[in-house]
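1. model this:
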Amino acid sequence: MTIDPLDPAHSAADAIANAARDVLDPDGPVRPGDFFAYGWHTVNGVRRPGHCGLIVSVPGYDGPMPPSVIDAIDDIDRAVWYDLGGAGIEDDGRGDCSGWLLEKLRVKRVQPCAGWDSINTSAMVADATGPQRIFRHVGGPVPWAACGVVDCSGSHPKGRAVGRRPGGGLLWARAGIPIRVV
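-> Okay, the predicted model is just below:
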């Protein structure tokens, strides 16, 4: 874990608590209901949005499927329009990746999170790698390519923004981290 001493959301106490939590994690490695995320970033001088997707299957997992996974799979056949900055899809069928994901995880989007006024992909990553008040980074080996992932993205067909991400978690293997709701 990297601690940014200029960021008040990070502290040595947070780092120690997070390291202990990872070592003593009774929940084990990545499982369905966790998610991958990466925050806003700059590519060739252009500010680009982050992205997140719900993990719906992991090789070897034989436990019960959480409601978030069942809801996400059900959304694949729903009429959903991608709308960057959209809060969620339940009200008007429009949303972005983090609004849709938070809705599935039953986490309120409008609440303080790691220095942000509301939750977006950057806030998810900052909290998961910092204070871990809402989200935490999941340790252990991650079978990136074999994970089944469902996301809400403008790259899916219009009116069908929720879909399975081809290649599983490979998109997130380069830049994202696995995260779990605390």
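
2. contacts, neighbours, all on C-alpha from now
-> Fine.

3. state the pLDDT value of Asp7.
-> If you check Asp7, the pLDDT there is 50.

4. what segments of the protein are helices?
-> With helices called from DSSP state H, the chain shows them at 12-23, 67-75, 97-105, 121-128, 170-173.

5. how about the contacts made by Met65?
-> 32-33 (Cα atoms under 8 Å, 6 or more residues apart in numbering).

6. correction: Ala114
-> 9, 123-124, 126-127, 130-131.

7. and the longest strand seen in the chain with helix 97-105, angle?
-> Secondary structure assigned by DSSP state E gives strand 51-57 as the longest strand of the chain. Here strand 51-57 runs at 40 degrees with respect to helix 97-105, directions being taken by axes from the mean of the first three to the mean of the last three Cα atoms, to 10 degrees.

8. on contacts alone, who are the packing partners of strand 51-57?
-> strand 35-38, helix 67-75, helix 97-105, strand 148-152 (3 or more Cα pairs under 8 Å, 6 or more residues apart in numbering; DSSP states H and E).

9. quick one: it to strand 148-152, angle?
-> Computed by the same axes, to 10 degrees, the angle between strand 51-57 and strand 148-152 is 140 degrees.

10. show residues contacting strand 51-57.
-> 31-39, 69, 72-73, 97-98, 101, 121, 147-152.

11. that one pairs with which strands?
-> strand 35-38 (antiparallel), strand 148-152 (antiparallel) (DSSP bridges).

12. could I get the ones you listed in CSV, plus columns for mean pLDDT?
-> As requested, the strands paired with strand 51-57 are exported to CSV (pLDDT from 0 to 100):
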stretch, mean pLDDT
strand 35-38, 90
strand 148-152, 90
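
13. tell me which of these sits nearest to Gly85.
-> For Gly85, the closest of the strands paired with strand 51-57 is strand 148-152, at 12.1 Å, according to Cα to Cα.

14. how distant is the closest one from the center of its chain?
-> Here strand 148-152 shows a centroid-to-chain-centroid distance of 10 Å under the convention Cα atoms, centre = their mean, to the nearest Å.

15. next: stretch 47-61.
-> What separates the centre of stretch 47-61 from the centre of its chain is 6 Å, taken as Cα atoms, centre = their mean.
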